[in-house]
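Q: just the structure for this:
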Amino acid sequence: MQTNTHFAFLDEGSKKEIRRAMLKAVAIPGYQVPFASREMPIARGWGTGGLQITLSVIGTEDVLKVIDQGADESVNAVSIKKLVHDTTGVEVTERTQEASVIQSRHRIPEVPLTEEQILVLQVPMPEPLRNVEASEYITKRLHSEDEYSGAWLMLFEQIMKYEKTATNADHPVYVNGRYVMAPSPIPRFDNPKMHQSEALILLGAGREKKIYAVPPYTEVESLAFEDYPFTVESFDGQHCRLCGATDVFMDELIDPVTGDATYQCNDTSFCVERLNEREKAEVETSYA
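A: Numbers count the residues shown, from 1 in each chain. Modelled structure (predicted):
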């Protein structure tokens, strides 16, 4: 059987077309740019859009990190990492600080990103107005007219029903004071990380054939009413059971026997690094 011999799997023509879409997306922050999404050796809906972006921007000197809902070792993350490594030979890492390209599903890393890094987010549904309007033609017209009353109405209905906004993930954001954008299904906790981010953020939806972007140092504001301001998930009074962190997004773990709840860092590499630093400090203290 013949094997693919192209660097980074995709042929150069495909990568050029995807890069052109990315350049347009960077030039118009928050705008959804259509692109000819390619067939990939993974199922649509499992990160094909983000993978195509990663394969189009990565170079031989890059270092890759892939995470899935905060974990480096999930099936989705490991499979994507293996495909990129096998077709490029690039170095892979679990340390956020070492990576130049980070592909993620459902999370933005806890470690602040820098100008030297690119964050690629996998997106299942790029259209923030899809829940209120099924027609692609109409949603494109609404974006062009800066008409987002449907998005505001969706939040208003949540407040009427739950006395608060109930978007636990993928809470819509206003980008550069112009386009309302779906930030991908990241938790609300991660929305503020997009605001004035030093790193370039690229978002890809393979099944929906859309690419959009948040360039570095761009204004990103989560949609909210003045009397119902935007809030993130609260972990007040809780700490990670492993590393002791208190200012990160955490998973709630329920003991099946006692029913007691404990908390643990969702970003596994961040947690491991804190543990290693604490152990190192304890060793140095014992020898002091």
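Q: the strands in the stretch 101-250 of the chain, which residues?
A: Read by DSSP state E, counting those that start in this stretch, the stretch 101-250 of the chain holds these strands, from start to end of the chain: 101-105, 118-122, 173-175, 179-181, 200-205, 210-214, 220-222, 250-254.
Q: can you list the low-confidence ranges for the stretch 151-288 of the chain?
A: Low-confidence segments of the stretch 151-288 of the chain, defined by pLDDT under 70, are located at 282-288.
Q: dump the strands of the stretch 101-250 of the chain to CSV, plus mean neighbour count.
A: C-beta: built from backbone N, CA, C; applies to glycine. Rendered in CSV, the data for the strands of the stretch 101-250 of the chain read as follows (neighbours: other Cβ atoms under 10 Å):
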stretch, mean neighbour count
strand 101-105, 24
strand 118-122, 26
strand 173-175, 22
strand 179-181, 22
strand 200-205, 26
strand 210-214, 28
strand 220-222, 19
strand 250-254, 14
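Q: adding distance to residue 236, write those out as TSV.
A: As requested, the strands of the stretch 101-250 of the chain are arranged in TSV below (distance: least, Cβ to Cβ, whole Å):
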stretch	distance to residue 236
strand 101-105	26
strand 118-122	28
strand 173-175	24
strand 179-181	29
strand 200-205	28
strand 210-214	29
strand 220-222	20
strand 250-254	11
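Q: residue 49 is nearest to which of the ones you listed?
A: Residue 49 sits nearest to strand 200-205 of all the strands of the stretch 101-250 of the chain, at 3.1 Å, using Cβ to Cβ.
Q: any idea how far residue 72 is from residue 269?
A: 5 Å (Cβ to Cβ, to the nearest Å).
Q: neighbour count: these two, which is higher?
A: A side-by-side neighbour count of residue 72 and residue 269, using other Cβ atoms under 10 Å, places residue 269 first with 23 against 20.
Q: mind checking what secondary structure that one has?
A: helix (DSSP: H, G, I helix; E, B strand; the rest coil).
Q: burial count for the residue nearest to it when sequence neighbours are not counted?
A: Residue nearest to residue 269 in three dimensions, not counting chain neighbours: residue 94, with 4.5 Å by Cβ to Cβ, 6 or more residues apart in numbering. Burial measure for residue 94: 19 neighbouring residues, criterion other Cβ under 10 Å.
Q: can you tell me the closest non-neighbouring residue to residue 91?
A: In space, residue 91 comes closest to residue 63 once its chain neighbours are excluded; the distance is 4.8 Å by Cβ to Cβ, 6+ apart.
Q: and that neighbour, what does it touch?
A: Going by Cβ atoms under 8 Å, 6 or more residues apart in numbering, residue 63 touches 90-93, 98-101.
Q: possible to save these as a markdown table with secondary structure, distance to residue 20 and pLDDT?
A: As requested, those are exported to a markdown table (DSSP: H, G, I helix; E, B strand; the rest coil; distance: Cβ to Cβ, whole Å; pLDDT from 0 to 100):
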| residue | secondary structure | distance to residue 20 | pLDDT |
| --- | --- | --- | --- |
| 90 | coil | 23 | 97 |
| 91 | strand | 28 | 97 |
| 92 | strand | 27 | 97 |
| 93 | coil | 29 | 97 |
| 98 | helix | 30 | 97 |
| 99 | coil | 25 | 98 |
| 100 | coil | 22 | 98 |
| 101 | strand | 19 | 98 |
